[in-house]
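> Provided below for reference: sequence and predicted model.
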Amino acid sequence: MNSRPYDAVLCDIDGVLRHWPSADDLERSHGLPVGALAAAAFTPSRLHPAITGAITDEQWRSAVAEDLAGICGSTDRAHAAVTAWSDLVPSVDHEVVSLLARARAVATVALLSNATTRLERDLARQRLDDLADTVVNTARIGLIKPDPRVYHLAAERVGTPVHRCLFIDDTATNVTAAREVGMTALHYRRIEDLRTALTPLLVRAPDAQDT
């Protein structure tokens, strides 16, 4: 009889594993109102093609720069602002890294993110590319959370029935969708939440070296 509560852990990336710095100072230095980059980049009509893989990360960022040209006063200034924004590096929560590494000793771990085609390169740059058994990048599958098909595909990728998966995300709608397909799901807000959810696995796991 399987005494583990889960056989796989599916974890979101941004807002859980890594956290992006504010772009406020960058925007001011490039003559942009605070929030202009996010407003341009993350409007659904601009973001959706990037995180479903309809366009590349480079194409998405170029389009964002074109959208900002009028605010910046020139296309060159807008592209410079987007380049500086693209060079920002997120901080990594090493407590989350450690918990996932320990969980991986007894369960399959996957990273599941609504992301652009740049995700794999970013993970490698911060030495996170070997943290999980697999990475499910929505830009590679053409679907995004909270589409139920994403969760089923991720479960298939880790070879685990949905009811044996623990899903972790900082976005409530994504968590609700995971529960609706039969997963156990954690709405992540703080590290203690993750530690509590993983405790049934961690008591069976050997200590893992932090990465």
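Structure's in. What do you need?
> which stretches of this protein form helices?
Counting by DSSP state H, the segments of the chain that form helices are 24-29, 36-41, 44-51, 57-72, 75-86, 94-104, 119-125, 138-141, 148-157, 172-180, 191-202.
> can you tell me which of these comes nearest to residue 11?
helix 94-104 (6.2 Å; Cβ to Cβ). For the C-beta atoms, the positions are set from N, CA and C on the backbone; glycine is no exception.
> Can you add mean pLDDT, mean neighbour count and distance to residue 131 and give the helices of the chain back as TSV?
Output for those, formatted as TSV (pLDDT from 0 to 100; neighbours: other Cβ atoms under 10 Å; distance: least, Cβ to Cβ, whole Å):
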stretch	mean pLDDT	mean neighbour count	distance to residue 131
helix 24-29	95	14	28
helix 36-41	96	19	26
helix 44-51	97	16	21
helix 57-72	96	18	21
helix 75-86	96	18	23
helix 94-104	97	20	6
helix 119-125	97	16	8
helix 138-141	98	19	18
helix 148-157	98	19	15
helix 172-180	98	17	20
helix 191-202	94	16	14
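> Would you mind giving these as a markdown table with distance to residue 18 added?
Formatted as a markdown table, the helices of the chain follow (distance: least, Cβ to Cβ, whole Å):
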| stretch | distance to residue 18 |
| --- | --- |
| helix 24-29 | 18 |
| helix 36-41 | 17 |
| helix 44-51 | 16 |
| helix 57-72 | 16 |
| helix 75-86 | 15 |
| helix 94-104 | 9 |
| helix 119-125 | 9 |
| helix 138-141 | 16 |
| helix 148-157 | 19 |
| helix 172-180 | 16 |
| helix 191-202 | 13 |
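> Quick one: closest of those to residue 166.
helix 191-202 (6.4 Å).
> quick check: angle from that closest one to helix 94-104?
Helix 191-202 and helix 94-104 are oriented at 20 degrees to each other (axes from the mean of the first three to the mean of the last three Cα atoms, to 10 degrees).
> ok, the nearest residue to residue 149 once chain neighbours are set aside to residue 102 distance?
Closest residue in space to residue 149, ignoring its immediate chain neighbours: residue 143 at 5.3 Å, by Cβ to Cβ, 6 or more residues apart in numbering. As judged by Cβ to Cβ, to the nearest Å, residue 143 and residue 102 stand 30 Å apart.
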